Structure formats: C-alpha cells, structure tokens
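Colleague: sharing a model prediction with you, sequence too.
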Amino acid sequence: MPDRSKPLWILTAALLVGTPALWIVYWWQVLASGSLPHDGDAVAIPMFAGVVTGFLASPLVLATAWFCLRRYDPRTRLLAWRGDRPVRSVAATLVFGGPALVLTAGLLHDLILGVEPLHEYILVALPAPWIAWLLAMRAALVGQRAPAAGGDGAPRPISGSP
C-alpha cells in the first residue's frame with residue numbers, strides 16, 4: 001500500500017473516468033466489427049448508457065473512497081487483518097473482498113478460456129483495475145487509524161458535554 005492516500009484517490013478518479021471511456025471504445029470496436037445490424041442505431045444507446053451509469057455511480061464510489069481513506073494509515077498492508085477489530089475486518093473482507101473475488105474468477109475464466117471476437121478482450125481488461133481498487137479499499141478500511149483519544153485511551157467527549 002502507498003505511503004499516502006493520494007495514489008488511491010488517483011486510482012479512484014482514473015476508474016471513474018476510464019471505465020466509461022473504455023466502454024465507449026468497446027462499443028466503437030463492436031460497431032467496426034460489423035456484428036451489429038446495419039439498419040439500426042444499435043450502438044449509441046449502450047455506449048452512452050455506460051457514460052450515464054458512470055456519472056450516476058460517481059457519488060457512491062467517491063463516498064466509499066472517502067469512508068475508506070479518511071483515516072488512512074500508511075503502515076497498512078494489502079492483506080491487513082486487525083485482531084483488535086475483528087468485526088471491521090470481517091465486514092470489509094465480505095463487502096470488498098467478495099466482489100473482488102467474483103471479478104477475479106470472471107477475469108480468470110475469460111483469460112483461460114479465451115473470448116471471441118478479439119474486441120471482447122477490452123471487456124476482459126475492465127475488471128482488473130476495479131479488483132485492485134476493491135482490495136485497496138478493503139485494506140485501507142481495515143487498517144484505519146483509531147479516532148483520536150484522550151490521554152487515558154478513552155474517546156474524547158463531544159464538546160459541550162459534561
């Protein structure tokens with residue numbers, strides 16, 4: 001894991017911009033392959049649906065990144081596990097590790113069995129950065145620093161409380 005959270009923010013931004021862009025490139029390749037009917041506008045709808053979906057998913061992805069990176073600890077490792085926070089470790093592994101495992105299985109399936117025609121490999125490459133992002137968010141969430149505490153280790157009281 002990086003020393004700061006900035007590279008993970010850059011990865012998040014690259015995913016938000018790159019996924020719709022790759023989707024457009026994919027549909028242009030499908031159109032160029034001649035596999036779509038010649039008498040219809042069959043490519044514009046899915047092409048721009050990817051852009052709209054990316055735009056609508058951006059707040060969720062950014063909120064997830066903020067939640068995971070807000071107390072980023074540079075000592076965190078990719079396979080982090082916190083024995084002092086087992087519920088957080090299990091929940092983060094299920095929420096982020098589960099989808100990463102499913103995407104990895106699909107990616108390996110397509111790479112081992114191969115896909116036809118050749119432009120389908122664009123979609124095979126699409127999950128790879130998302131797998132990295134999911135695993136990085138899992139590690140960042142598990143390895144977050146604890147909130148600031150008082151001198152005795154107890155959480156600080158909210159200002160204005162007795």
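Modeller: Yep, that arrived.
Colleague: give me the residues contacting the helix or strand of the chain with the lowest mean pLDDT.
Modeller: Of all regular secondary-structure elements in the chain, judged by mean pLDDT, DSSP states H and E, the least confident is helix 121-125 with a mean of 82. Contact partners of helix 121-125, identified using CB atoms under 8 Å, 6 or more residues apart in numbering, comprise 22, 25-26, 29, 107, 110-111, 115. Where you see a C-beta, it was placed from the backbone N, CA and C, and this is true even at glycine.
Colleague: mean confidence for stretch 1-9?
Modeller: In this model, stretch 1-9 has an average pLDDT of 89.
Colleague: tell me how far that stretch lies from the chain's centre.
Modeller: 14 Å (CA atoms, centre = their mean, to the nearest Å).
Colleague: coming back round to it: now the contacts of helix 121-125 in JSON lines, with pLDDT and neighbour count?
Modeller: Listed next are those as JSON lines, based on pLDDT from 0 to 100; neighbours: other CB atoms under 10 Å:
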{"residue": "Leu22", "pLDDT": "90", "neighbour count": "17"}
{"residue": "Val25", "pLDDT": "89", "neighbour count": "13"}
{"residue": "Tyr26", "pLDDT": "88", "neighbour count": "20"}
{"residue": "Gln29", "pLDDT": "86", "neighbour count": "17"}
{"residue": "Leu107", "pLDDT": "89", "neighbour count": "17"}
{"residue": "Asp110", "pLDDT": "84", "neighbour count": "16"}
{"residue": "Leu111", "pLDDT": "84", "neighbour count": "12"}
{"residue": "Val115", "pLDDT": "73", "neighbour count": "14"}
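Colleague: ok so Leu79 is a strand residue?
Modeller: No - assigned with DSSP: H, G, I helix; E, B strand; the rest coil, Leu79 falls outside any strand and is coil.
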